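[1] Build me a model:
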Amino acid sequence: MRIRDKIYGEFVIEGILEALVFSGPVQRLKGIRQGGASYLVNGKWNVTRYEHSVGVMLLIRKLGGSLEEQIAGLLHDVSHTAFSHVVDFVFDNEKEDYHEKIFQRIIADSEIPAILGKYGYDAQSLLSGGARWKLLERPAPELCADRIDYTLRDMYQHGNITIEEVHHFLNRLAVIDGKIVLQDLAAAEWFAGIYYKEVIEFFLHPLNVYGYHLLAKTLKLALAKRLIGRNDLLGTDEEVLDLLRASGDKEIMRLLEQIHRNVKVKEDKSDYDFHWKAKARWIDPAVLYENGPVRASRISERVRRLTEEARKKAEAGVYVKIVSN
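    Residues are numbered from 1 along each chain as shown. Take a look at the predicted model:
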């Protein structure tokens, strides 16, 4: 099977990876938007969890990761509910890790253990924890395949960076002692710049925040009224929307009618309709320097400044004024 990816180009996958790509849990991710409610208010914000998951798998392969880690990369997001992290705000989950809490259950109740078993793998041991896979997941502020892919993919999809810039950056990646590092400071400063652009101009964009706020409010109300159940959230975005619309509930319909692509909002600290805060996100890539890898912030004033600006923005939150909806 040939896979053509917007970021990494064309790859051939076969055997267990091909079987997993065609499995129900992975195919479902084609209907889960990575940006939660974002696609409902802006057509450009439309990256899917499927694109990201395949991309993480391909990046791990590009970096020389094992087949087992490629499998883990492909499957790392299969437990995301409809609308991804919107559900964390529905359940008041400040760590934004609801999908991680249900990961093992979702895997166990799917066809994935049987597929892995067919190729000699045990699902429990292979997928028992992200800490085992050093390329796939690393705690902030380090680089990892997950963090790199969603940043590059979103920023490319949104038109903020070119494919030439993406490929230049990818060519500056190296792996030392199992850890992703950058070969020069320029690459680290470039990535920090686009990462914080993602944080401030996407995650904390007042229009995106508006979509999250209204959809979380809608889902929370629908759950409280028993119009949907938690298991319904394991469907796709559109399947859940169809259930909400089919309910015919006037309050639900009124809220849904306010989530569309002609909404006008702005940020206004003195006159706002609601205030929104999400978890802080930051990056500080390791860079090859003199005697070995060092944090970019140790040798770059720009990285320190960008990090501080993003920290202040996250701590302040977003004050959203609805101009028209």
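[2] For the closest residue to L241 other than its chain neighbours, the count of nearby residues, please.
    Nearest residue to L241 in three dimensions, chain neighbours excluded: L256, at 7.6 Å (Cβ to Cβ, 6 or more residues apart in numbering). (C-beta placed from N, C-alpha, C; glycine too.) Counted with other Cβ atoms under 10 Å, the neighbours of L256 add up to 18.
[3] what do you get for the one 3 residues further on?
    By the measure other Cβ under 10 Å, the count of residues near I259 is 19.
[4] Now it. Its backbone dihedrals?
    phi -110, psi 100 (degrees, to the nearest 10).
[5] quick one: contacts for it?
    By Cβ atoms under 8 Å, 6 or more residues apart in numbering, the contact list for I259 reads 37, 40-41, 211, 214-215, 218.
[6] can you rerun that using 7 Å?
    With contacts defined as Cβ atoms under 7 Å, 6 or more residues apart in numbering, I259 is in contact with 37, 40-41, 211, 214-215.
[7] can I get the CA coordinates of the helix or strand harbouring E165 in PDB?
    Under the criterion of DSSP states H and E, E165 resides in helix 163-170. C-alpha atoms of helix 163-170 as PDB (Å, rounded to 0.1, in the frame of the first residue of the first chain):
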ATOM      1  CA  ILE A 163       6.400  22.900   2.200                       C
ATOM      2  CA  GLU A 164      10.000  24.000   1.500                       C
ATOM      3  CA  GLU A 165      10.300  25.300   5.000                       C
ATOM      4  CA  VAL A 166       8.900  22.100   6.400                       C
ATOM      5  CA  HIS A 167      11.300  19.900   4.500                       C
ATOM      6  CA  HIS A 168      14.300  22.200   5.400                       C
ATOM      7  CA  PHE A 169      13.300  21.800   9.100                       C
ATOM      8  CA  LEU A 170      12.900  18.000   8.900                       C
END
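[8] So what's the gap between the helix or strand just after that helix and the chain middle?
    Sequence order places strand 173-176 as the next helix or strand after helix 163-170, per DSSP H and E. Here strand 173-176 shows a centroid-to-chain-centroid distance of 23 Å under the convention Cα atoms, centre = their mean, to the nearest Å.
[9] mean confidence for strand 173-176?
    The average pLDDT within strand 173-176 is 96.
[10] So I3 belongs to a helix, correct?
    No: I3 is assigned strand when assessed by DSSP: H, G, I helix; E, B strand; the rest coil, not a helix.
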